[in-house]
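Participant: Here is the input, now give the coordinates:
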Amino acid sequence: MIVEFFTRGIAIGFAVAAPVGPIGMLVIRRTLAEGRLMGLFTGLGAAVADACYGSVGAFGLSFVSSFLLGYGLWTKLLGGLFLCYLGISTFRAPLREGGKPASGTRYTGAFFTTMLLTLANPITILSFMAILAGLGLGARGGDYGAAATVVAGVFLGSTLWWVLLSGGVSLLKDRLKPEVMKWINRASGLCLCVFGVTALVGLIR
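Facilitator: Below is the predicted model:
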């Protein structure tokens, strides 16, 4: 039973992470600009956030979800503005020289950037709660061991996707000319701005 919970958790984490959105764009862009490790750290931030939201659903922490959803307006506002900022800075970013490795501070920044961006969308909690309830994987009768197993699977599944994405994109990195990279920066920046503006427009509906 534990193995089944763990396996399903992996599938849920992978499925939630896989759709290409603002986090996926950040992973792709940072992998191309600064290497596979930078892309992986970017994705790991999202994986931790997915595990946090997955734990709310798996442990049946309805009071946490109610609290976060109550502040959903502000978190989405901040998330939308931050995406616009990232989009503009990405659009204007100069190409980094390949011989200069990123610093530990930049890895930490990449991790926390995506973790906070993912946490800024508390509606994700509802997705996890619906999926877990539908599969019967939520905490039942105080079975917190099973819930913890599901959360571990969610984290591993999400991480697996980011490993595959950053690894696959890194294979293209050395084949792209500087001129192509410049346009990728601009396209990524525009996409991030679109995601940000869409989030902000959604607040007034």
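Participant: make it CA atoms for all contacts and neighbour counts henceforth
Facilitator: OK.
Participant: Which strand or helix spans the residue nearest the centre of the chain?
Facilitator: The residue lying closest to the centre of the chain (Cα atoms, centre = their mean) is residue 46, at 3.1 Å. When elements are assigned from DSSP states H and E, residue 46 belongs to helix 36-58.
Participant: For this structure, which helix extends over the most residues?
Facilitator: Of all the elements of type helix in the chain, the one with the most residues (DSSP state H) is helix 144-173.
Participant: So for it, what gets flagged as buried?
Facilitator: Of all the residues in helix 144-173, those buried under the rule 16 or more other Cα atoms under 10 Å are 146-163, 165-167, 169-170, 173.
Participant: Check stretch 13-20 too.
Facilitator: For stretch 13-20, the neighbour count (16+ other Cα under 10 Å) marks 13, 14, 16, 17, 18 as buried.
Participant: hang on, residue 166 packs against residue 36?
Facilitator: Yes - in this structure, residue 166 is within contact of residue 36 by Cα atoms under 8 Å, at 5.4 Å.
Participant: hang on, the earlier thing: would you mind putting the CA coordinates of the helix holding residue 46 into CSV?
Facilitator: Taking only C-alpha atoms (Å, rounded to 0.1, in the frame of the first residue of the first chain), the coordinates of helix 36-58 have been written out as CSV:
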residue,chain,number,x,y,z
ARG,A,36,21.8,22.9,-16.3
LEU,A,37,22.5,23.4,-12.6
MET,A,38,20.9,26.8,-12.6
GLY,A,39,17.9,25.4,-14.4
LEU,A,40,17.7,22.5,-11.9
PHE,A,41,17.8,24.8,-8.9
THR,A,42,15.1,26.9,-10.5
GLY,A,43,12.9,23.8,-10.8
LEU,A,44,13.7,22.6,-7.3
GLY,A,45,12.1,25.7,-5.9
ALA,A,46,8.8,24.8,-7.6
ALA,A,47,9.1,21.2,-6.4
VAL,A,48,9.4,22.3,-2.8
ALA,A,49,6.3,24.5,-3.2
ASP,A,50,4.4,21.7,-4.8
ALA,A,51,5.3,19.5,-1.9
CYS,A,52,4.1,22.2,0.5
TYR,A,53,0.8,22.4,-1.2
GLY,A,54,0.6,18.7,-1.6
SER,A,55,1.0,18.3,2.1
VAL,A,56,-2.0,20.6,2.7
GLY,A,57,-4.2,18.3,0.6
ALA,A,58,-2.6,15.0,1.8
